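[1] Requesting a structural model of the entry that follows:
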Amino acid sequence: MKDLYFLNKNYIAPQIKGARCNVTKQATKSGEPIVMTSLVTVGSQITMSSDGKYIVIGDGISVVKVYAQLNFVLSSEARGTLAIRRKNSNGDTMVGIAMDSGNVFTVSASIILNVSKGDQIYLATTEDAVLNPFNGGGLRSGLIVEKIA
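    Reported below is the predicted structural model:
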């Protein structure tokens with residue numbers, strides 16, 4: 001696909017990185033990054049770390065839209081919490097959160113976030129949990145980061 005610069009001189013080519021956790025019944029530990037595999041890449045300014053834990057912000061990006069979703073299975077009626085986190089030179093902070101309760105359920109969150117080159121965006125849970133209870137395809141748990149500015 002060619003960039004249509006002739007239509008708008010201020011056109012900014014899209015930059016998107018999406019990843020998914022496609023391991024069935026993946027056990028997670030509270031606060032630890034959930035390992036994911038690359039799902040979609042548009043552009044080269046947003047990348048994934050080699051260990052699959054982080055989506056990394058590149059040069060020239062100051063604002064992103066982050067969408068996250070986790071599919072939980074819990075052994076008994078309990079709460080599951082998705083945490084969108086950012087790791088950078090200022091520390092490791094939670095920047096978005098969503099929660100629900102039950103035995104099997106999905107939670108999602110969407111945020112707009114100021115970022116800098118080198119920031120690492122990742123997903124974690126705030127309690128030990130199990131993700132993706134059933135076999136099969138589809139995006140049950142994942143993270144998408146899109147450049148806004």
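
[2] hey, where'd the strands end up in the chain?
    16-20, 26-28, 37-42, 46-48, 55-57, 63-88, 91-114, 120-125, 129-131, 142-147 (DSSP state E).

[3] Please dump those strands into JSON lines; it should also carry mean pLDDT and mean neighbour count for every row.
    Every residue, glycine included, has its C-beta placed from N, CA and C. Formatted as JSON lines, these follow (pLDDT from 0 to 100; neighbours: other CB atoms under 10 Å):
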{"stretch": "strand 16-20", "mean pLDDT": "94", "mean neighbour count": "22"}
{"stretch": "strand 26-28", "mean pLDDT": "89", "mean neighbour count": "16"}
{"stretch": "strand 37-42", "mean pLDDT": "93", "mean neighbour count": "13"}
{"stretch": "strand 46-48", "mean pLDDT": "97", "mean neighbour count": "20"}
{"stretch": "strand 55-57", "mean pLDDT": "98", "mean neighbour count": "23"}
{"stretch": "strand 63-88", "mean pLDDT": "90", "mean neighbour count": "19"}
{"stretch": "strand 91-114", "mean pLDDT": "93", "mean neighbour count": "15"}
{"stretch": "strand 120-125", "mean pLDDT": "96", "mean neighbour count": "23"}
{"stretch": "strand 129-131", "mean pLDDT": "87", "mean neighbour count": "21"}
{"stretch": "strand 142-147", "mean pLDDT": "96", "mean neighbour count": "23"}
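
[4] Could you report the neighbour count for the residue nearest to Cys21 when sequence neighbours are not counted?
    Distance criterion CB to CB, 6 or more residues apart in numbering; nearest residue to Cys21, sequence neighbours excluded, is Ser141 at 4.0 Å. Neighbour count of Ser141, defined by other CB atoms under 10 Å: 25.

[5] I appreciate the help and will end here.
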